[in-house]
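*Asks:* With the sequence up front, the predicted model follows.
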Amino acid sequence: MIVQATLSVVLAATALYYATYRGVRRHRLFVLSGFVIATYFIWNPEHTTLIAHYFGIGRGLDFILPVFCVALLFMVVGLYRKVVALQDDLTLLSRHLALRDSSEPPSSQGG
Amino acid sequence: MDSGIQVSRETVWVVIAAWNEGSVIADVVRGVLAQGVQLVVVDDGSRDETASVVLEAGACLVKHPINLGQGAALQTGIEFALSRGASFVVTFDADGQHDPTEILPMVDFLHQEGADICLGSRFLGTAKNISRLRVLTLKAAICFTWLTSGVTLTDAHNGFRAMTRSCAQRLCIKQNRMAHASEVISRIAEERWSYREFPVTIVYSDYSVHKGQRLSGSLKILFELVLRKISK
């Protein structure tokens, strides 16, 4: 009961953050749908076993874990892409500053 | 002095990416400038006296505010050279491994062949003090390059290369770190540039081996290439 309540609160907070601050409408709908589905299964874990049986898997947990791992992998790839984009922006900015402030050797400067 | 070189030296720009090379860069700069070519050194966020030594030795200096990597530094230097009217751009290592007297012959060869880019090859030329393990690793890199890009080379990871202005304008190195060498070859395949190889001399000193890329860095390069692909 305590774990279910805690998980529900954490999920709700995450979903609220994404719904409020992140992305376009379809992303928010996706996150809210995920929240509703995840909360349902938190309070009705025996239904995950029914779904697992449908896919030929014995236990609900054995079904949920691989799904979770795949979702996590997508998240990591998404995060990495954001990091690469940030790195590219940083590179362009650094290059712009460096080229703007380039120096000539003292011997070539007029006097 | 005139050794039959047909290209105009004033339009040849050499680009050197340097990071904490304060102890050797002066000799490298003087050696390059002695060939009568133009030179820009990109200080890639060094924490030693590299920048001041470069200016004192007589080269143009572009200084990154933070360390970005050799690939990023070369791209910065290439853009600087192009803004100064370079007809040919040569990339050259900062650690003294390369022979500056081979710059103009390489550019001249590129010009006479009418190619877009010319890549130095230590296996067509000379590699002094090279370890057997490094030779094996470089040979593996040649196979990998051929498998992934279809470009056939005898030396797939040499920082000594010359290119025409139009090639330099289209190169656009995106790999900031050591994977840029593989990226250059991929770009040759993508743009269908005509390429040649030129025999060069590489001398492995204790300094350059200590400073240079670790053999284990090959795995890191592979990792960077794959991750960049999926991040597109």
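*Replies:* Thanks, I have the structure now.

*Asks:* which helices and strands sit right next to the longest strand along chain B?
*Replies:* Among all segments of chain B classified by DSSP state E, the strand with the greatest residue count is strand B:117-128. Applying 3 or more CB pairs under 8 Å, 6 or more residues apart in numbering or on different chains; DSSP states H and E, one finds that strand B:117-128 contacts helix B:103-113, strand B:161-164, strand B:195-203. Where C-beta positions appear, they are placed from N, C-alpha and C, glycine not excepted.

*Asks:* most neighbours per residue, which of those?
*Replies:* strand B:161-164 (a mean of 26; mean count of other CB atoms under 10 Å in any protein chain shown).

*Asks:* That one pairs with which strands, and in what direction?
*Replies:* Looking at strand B:161-164 with DSSP bridges, its paired strands and their directions are strand B:88-92 (antiparallel), strand B:117-128 (antiparallel).

*Asks:* right, and the helix or strand after that strand?
*Replies:* Scanning the chain past strand B:161-164 towards its C-terminal end, the next helix or strand to appear is helix B:165-171 (assignment: DSSP states H and E).

*Asks:* hang on, the earlier thing: which positions within the longest strand of chain B qualify as buried?
*Replies:* For strand B:117-128, the neighbour count (16 or more other CB atoms under 10 Å in any protein chain shown) marks B:117-123, B:125, B:127 as buried.

*Asks:* Same check on stretch A:37-47?
*Replies:* Buried residues in stretch A:37-47, defined by neighbour count with 16+ other CB under 10 Å: A:39, A:41-42.

*Asks:* For chain B, state which of those is nearest.
*Replies:* Compare each of the buried residues of stretch A:37-47 with chain B using CB to the nearest CB and the shortest gap goes to A:Phe41, at 30.3 Å.

*Asks:* how about CSV for the helices and strands packed on strand B:117-128, with mean pLDDT added?
*Replies:* CSV is the format used below for those (pLDDT from 0 to 100):
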stretch, mean pLDDT
helix B:103-113, 96
strand B:161-164, 98
strand B:195-203, 95
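
*Asks:* Ok, which of those comes nearest A:Gly56?
*Replies:* Closest to A:Gly56 of these, according to CB to CB: strand B:195-203, at 54.2 Å.

*Asks:* so what does that closest one touch, helix or strand wise?
*Replies:* If contacts are counted by 3+ CB pairs under 8 Å, 6+ apart, strand B:195-203 sits against helix B:103-113, strand B:117-128.

*Asks:* Can you list the helices and strands that the first one packs against?
*Replies:* When you say that, I think you mean helix B:103-113. Under the contact criterion of 3+ CB pairs under 8 Å, 6+ apart, the helices and strands touching helix B:103-113 comprise strand B:12-18, strand B:88-92, strand B:117-128, strand B:161-164, strand B:195-203.
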